[in-house]
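Student: need coordinates for the below:
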Amino acid sequence: MESLKGTVAKLKIVQYSQQPLVYFQLANTNCLIAAHSLNFLADVENGMKIVVAGKRNARGQLIVVKYAVLGRTKLMNDIQAYQTAS
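Tutor: Sure, this is the predicted structure:
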């Protein structure tokens, strides 16, 4: 299993389904996540620093199995912004 650390760029949903397929770039590496992709979308946005672990496919893309956000997640930031606005 390979691990990468970096800043998320070009975050987008590639395939809409019950379990969406999400594409993003991390340290100039193309990454895909399907497992826990809804949680990933709630936690991560462009410009956030994360660490991922996964395996490469035949096209050289990293298929992410695990991820961790370094610092505050998007959901935490949204809740704090809501609380301060109230």
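
Student: now for the residue nearest to Leu70 when sequence neighbours are not counted: which residues touch it?
Tutor: Nearest non-adjacent residue to Leu70, counting by CB to CB, 6 or more residues apart in numbering: Lys49, 4.3 Å away. Backbone N, C-alpha and C define where each C-beta goes, glycine included. Going by CB atoms under 8 Å, 6 or more residues apart in numbering, Lys49 touches Lys5, Gly6, Thr7, Val8, Val69, Leu70, Gly71.

Student: in strands, which of those residues appear?
Tutor: Among these, the residues falling in strands (DSSP state E) are Lys5, Gly6, Thr7, Val8, Val69.

Student: among the residues you listed, name the buried ones.
Tutor: Gly6, Val8, Val69 (16 or more other CB atoms under 10 Å).

Student: how about JSON lines for those, with distance to Glu45 and pLDDT added?
Tutor: Listed next are these as JSON lines, based on distance: CB to CB, whole Å; pLDDT from 0 to 100:
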{"residue": "Gly6", "distance to Glu45": "14", "pLDDT": "97"}
{"residue": "Val8", "distance to Glu45": "7", "pLDDT": "97"}
{"residue": "Val69", "distance to Glu45": "10", "pLDDT": "97"}
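
Student: going by distance to Thr29, which of these wins?
Tutor: Comparing these against Thr29 with CB to CB places Gly6 closest, at 8.0 Å.

Student: ok, and what's touching the helix or strand bottoming out on mean pLDDT in the chain?
Tutor: The helix or strand of the chain with the poorest confidence is helix 74-85; it has a mean of 90 (mean pLDDT, DSSP states H and E). With contact meaning CB under 8 Å, 6+ apart, helix 74-85 is reached by Ala42, Asp43, Val44, Glu45, Met48, Arg72.

Student: just give the number of residues close to the last one.
Tutor: Applying other CB atoms under 10 Å, we find 12 other residues in the vicinity of Arg72.

Student: and what of the fifth one?
Tutor: With neighbours defined by other CB under 10 Å, the count for Met48 comes to 18.
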